[in-house]
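Output the structure for:
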Amino acid sequence: MPVITVTLLPGYPPETQHRLVQRLADTARSVISASDAGTTVFINEASTYRRDGKVYAGGAAVVPDASARVQSFLETMAARKLTEAQAFLAPGFEMVFPGPAVMHRLEQLMEWGKPRYRSVAKRYERFDECWQGDTTVVYCSGTLFGVWNDGSAFEGIRFIDRFEVVNNLLTRQEVWNDVAEIQRTL
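Now for the predicted structure:
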């Protein structure tokens with residue numbers, strides 16, 4: 001069973017340390033066939049260290065939780081606060097929606113949705129993360145509900161959104177859903 005020890009400089013908040021030990025345990029278990037109960041991760045704190053001729057006494061900045069950032073963005077979009085939502089996006093942000101419809105501005109998304117439905121919202125079932133270098137990939141899945149353009153309600157339409165997050169900014173969003181399949185049956 002894996003036993004992992006990490007040494008950090010002081011100053012990291014408990015929630016950051018908790019996130020770190022959980023992710024290290026998950027990482028070990030993705031490579032080694034080990035039970036959750038048998039995977040142990042310790043954090044030790046060092047008061048200072050020396051590297052490259054310099055002495056350090058504090059740790060680096062904490063990387064924000066990418067899933068929480070994505071959820072905040074989606075909630076801001078659901079409230080139609082486009083100006084606030086824009087602050088979540090990196091320059092060159094790209095959205096790819098079914099069709100495929102490629103957009104770079106939130107206003108384009110609003111226009112794209114007008115012939116499809118009067119309103120749409122999401123019920124989240126889960127957020128999953130994976131990491132590729134400096135990029136955190138966040139998958140959000142659940143169901144859509146809302147109102148079609150004819151005034152009838154809909155719900156339970158599956159969706160998956162895939163986001164790429166770099167430096168706490170969203171750089172790309174890809175969307176898959178069953179809206180077209182449901183509309184075809186109406």
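
which residues in this structure form helices?
14-31, 66-78, 82-86, 106-113, 179-185 (DSSP state H).

looking at the ones you listed, which has the lowest confidence?
In terms of average pLDDT, helix 179-185 trails the rest of the helices of the chain, at a mean of 83.

List the buried residues of that one.
V179 (16 or more other CB atoms under 10 Å). Backbone N, C-alpha and C define where each C-beta goes, glycine included.

Check the offset of it from the chain's centre.
Centre-to-centre, helix 179-185 and its host chain are 27 Å apart (CA atoms, centre = their mean, to the nearest Å).

go on, stretch 13-25?
For stretch 13-25, the distance to the chain centre is 17 Å (CA atoms, centre = their mean).

Then stretch 173-186?
The chain centre lies 22 Å from the centre of stretch 173-186; the measure is CA atoms, centre = their mean.

Can you tell me what sits against that stretch?
93-98, 116-117, 144, 148, 154, 157-164 (CB atoms under 8 Å, 6 or more residues apart in numbering).

start to end distance for it?
Stretch 173-186 has an end-to-end distance of 28 Å (criterion: CA to CA, to the nearest Å).

Out of the helices of the chain, which is closest to F42?
Nearest to F42 among these is helix 14-31; the distance by CB to CB comes to 8.0 Å.

Give the other helices and strands that that closest one contacts.
strand 3-8, strand 40-45 (3 or more CB pairs under 8 Å, 6 or more residues apart in numbering; DSSP states H and E).

Excluding its own residues, what touches that helix? List them.
Outside helix 14-31, the residues within contact range by CB under 8 Å, 6+ apart are 2, 4, 6, 8, 12, 34, 36, 39, 41-43, 62, 65.

Comparing the helices of the chain, which comes out most buried?
Among the helices of the chain, helix 66-78 has the highest mean neighbour count (mean count of other CB atoms under 10 Å), at a mean of 18.

so how far is it from its chain's centroid?
8 Å.

returning to that earlier point: please, a ChimeraX command that selects the buried ones among the contacts of stretch 173-186?
The buried residues among those can be selected in ChimeraX (16+ other CB under 10 Å) with this line:
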select :93,95,97,117,144,148,154,157,159,161,162,163,164
